[in-house]
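Chemist: based on what follows, work out the 3D shape:
(chains A and B)
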Amino acid sequence: MFELLLLVGGGVAAGAFGALLGLGGGVLIVPLLTLGFGLPFREAVGASLVCVIVTSSAAASVYLQRDVANLRLGMTLEMFTAIAALAGGLIAFLLPDRVLAIMFAALLLYVALTMARARDAREAMGVSPGPVAGSGARARHDGPAVADEDGDRDTATADSAIDAGLAEPEPDSSLAASLSGPGYRIHSLGRGVLGSLLAGIVSALFGVGGGIVKVPVMNLIMGVPMRVATATSNLMIGVTASAGGLIYLFRGGIDPYVAAPTAVGVFVGASLASRLADRVDLPVLRLLFIAVLVVTAAQMALRGIG
Amino acid sequence: MNDARLERTIGLVLGAGAIISFCLLAIGIAGMGVTHVGPLDRPFPPFDLNRLGSDLVALNPAGFLWLGLLAVILTPSVRVLASLLGFAAAGERRMVAVAAIVLAAICLSAALGAGG
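Modeler: Reported below is the predicted structural model:
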């Protein structure tokens, strides 16, 4: 019973901590289960994928009802994240735990570096705590989506990415035009597809949502405003993790005794985070979190080296 | 069906899936507590669709846990199916094809997972 409560509590902490900092949770859950509870790496990834889907479904539900996510763009890119997640899930069962642990350590360092450089940690990771709770968060945009001050800045950022050579302007093909939203146009669909493939593989290999890849690709390369990119990434995470999760489910990579309490804890924690967000000193929390990521990466690498 | 209505409908599908999953998992976890099953007990019950019904009838916690986990994993697929139907009703062939490909990828995952 104590272990059960500990696992739920760990899930609550990971969910709250992750949501406050704009993480999907996988980056925290996998170390919690492997280093904290001694689970094999693949079982931790399986449980983490379940947690990622739960939080994605809850958040995307709110984003869609508030007309923030770009459904057409999300579904188009999902074709590639889902196929890549399928491949990633199969690869995960071929690689030794040690190799996966070392690769995960590298991912943690990348996340730490991204957070250290980001203007806003939540924007860097692509998930916001508000929608999980279904309250306390305002609609990101309604009607003329990016006509507000932030939206203009986001669109300008995307246009300046073209100027800086990060993105290629494309002629308004009918596909790109049909995927664009009010106030912005999609660029560099090909690069978006490549980013989606990478995000799908990362998701299935490491049990994360892949927002850390998808959000920057959509925002900086494809010209999608940050807030729409964040919401659309959330929408896509469910299908991506689901494609990987099915491989884990049928191959015995999901332990229901671990996955269920963790998922419930993460859901509750992420919901609580929206109520705590205004009372927490996020810059301090962010610094603390970067330190935790670096230490965890070292421990994970040591585990991998054996 | 217009875009806003479709997105709201899909949003409701996802929200309902999350709530149903959460409730099933919570029942299963409560059952674990009552029957003194620890999360680190080994071996854990394998996923077996044929046993799911009998486990639920017998109020075995594993049945609720697996049904909840299945609901979690399948909720995004139901969302894609709802999108496919919505786009079909609106006559958007390209998006119907996109949704069908996503669904096919998910089905292929299940098939390859089960086959391995």
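Chemist: residues of the stretch 151-300 of chain A that sit close to chain B?
Modeler: The interface of the stretch 151-300 of chain A toward chain B, taken as CB under 8 Å from any CB of the partner chain, is made up of A:175, A:178, A:238-239, A:241-252, A:254-261, A:263-264, A:267. Any C-beta I mention is one placed from the backbone N, CA and C, and that applies to glycine too.
Chemist: hmm, which of those residues are the buried ones?
Modeler: Using 16 or more other CB atoms under 10 Å in any protein chain shown as the burial test, these include A:238-239, A:241-252, A:254-261, A:263-264, A:267 as buried.
Chemist: on the three-state scheme, residue A:208 is what?
Modeler: Three-state assignment for residue A:208 (DSSP: H, G, I helix; E, B strand; the rest coil): coil.
Chemist: next one: phi and psi at it?
Modeler: The phi and psi values for residue A:208, taken as degrees, to the nearest 10, are phi -110, psi 170.
Chemist: any weak-confidence spans in the chain?
Modeler: Chain wasn't specified; assuming chain A. Scanning chain A for pLDDT under 70 picks out the ranges A:22-24, A:119-173, A:274, A:277.
Chemist: to clarify, I was referring to chain B.
Modeler: B:1, B:116.
Chemist: go again using 80 as the cut-off
Modeler: For chain B, the stretches with pLDDT under 80 are B:1-3, B:116.
Chemist: tell me which residues touch residue B:10, please.
Modeler: A:64, A:71, B:79, B:82, B:83, B:86 (CB atoms under 8 Å, 6 or more residues apart in numbering or on different chains).
Chemist: I meant to write residue A:285 there.
Modeler: Going by CB under 8 Å, 6+ apart, residue A:285 touches A:17, A:20, A:21.
Chemist: okay, helices next: where are they in chain B?
Modeler: Counting by DSSP state H, one finds helices in chain B at the ranges B:3-34, B:49-57, B:61-90, B:93-115.
Chemist: run the angle between the shortest one and helix B:3-34 for me.
Modeler: With axes from the mean of the first three to the mean of the last three CA atoms, to 10 degrees applied, the angle from helix B:49-57 to helix B:3-34 works out at 70 degrees.
Chemist: how about residues contacting helix B:49-57?
Modeler: Identification of contacts with helix B:49-57 by CB under 8 Å, 6+ apart yields B:62, B:63, B:64, B:66, B:67, B:70.
Chemist: circling back to that earlier point, deepest of the helices of chain B, which one?
Modeler: Mean neighbours per residue, mean count of other CB atoms under 10 Å in any protein chain shown, is largest over the helices of chain B for helix B:61-90, with a mean of 22.
Chemist: does that one come close to chain A?
Modeler: Yes. Counting by CB under 8 Å from any CB, chain A has neighbours in helix B:61-90: B:62, B:65-66, B:68-70, B:72-77, B:79-80, B:83.
Chemist: in contact with residue A:8, which residues?
Modeler: Residues counted as contacts of residue A:8 (CB under 8 Å, 6+ apart) are A:261, A:262, A:264, A:265, A:268, B:29.
Chemist: as a markdown table, those residues with distance to residue B:21 and secondary structure would be great.
Modeler: Shown next, in a markdown table, are those (distance: CB to CB, whole Å; DSSP: H, G, I helix; E, B strand; the rest coil):
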| residue | distance to residue B:21 | secondary structure |
| --- | --- | --- |
| A:261 | 13 | helix |
| A:262 | 13 | helix |
| A:264 | 9 | helix |
| A:265 | 14 | helix |
| A:268 | 13 | helix |
| B:29 | 12 | helix |
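Chemist: for residue A:35, state which of the residues you listed is nearest.
Modeler: Residue A:35 has its nearest neighbour among those in residue A:262, at 14.2 Å by CB to CB.
Chemist: now the closest one: closest residue in space, sequence neighbours ignored.
Modeler: Nearest non-adjacent residue to residue A:262, counting by CB to CB, 6 or more residues apart in numbering or on different chains: residue A:11, 4.2 Å away.
Chemist: wait, doesn't that neighbour sit right on residue A:259?
Modeler: No. If you go by CB atoms under 8 Å, residue A:11 and residue A:259 don't touch, sitting 9.9 Å apart.
Chemist: list residues touching both of those two?
Modeler: Overlap of the contact sets of residue A:11 and residue A:259 (by CB under 8 Å, 6+ apart) consists of residue A:51.
Chemist: what's the first helix or strand after the host helix or strand of residue A:202?
Modeler: Assigned by DSSP states H and E, residue A:202 belongs to helix A:189-206. Moving toward the C-terminus from helix A:189-206, the next helix or strand (DSSP H and E) is helix A:211-216.
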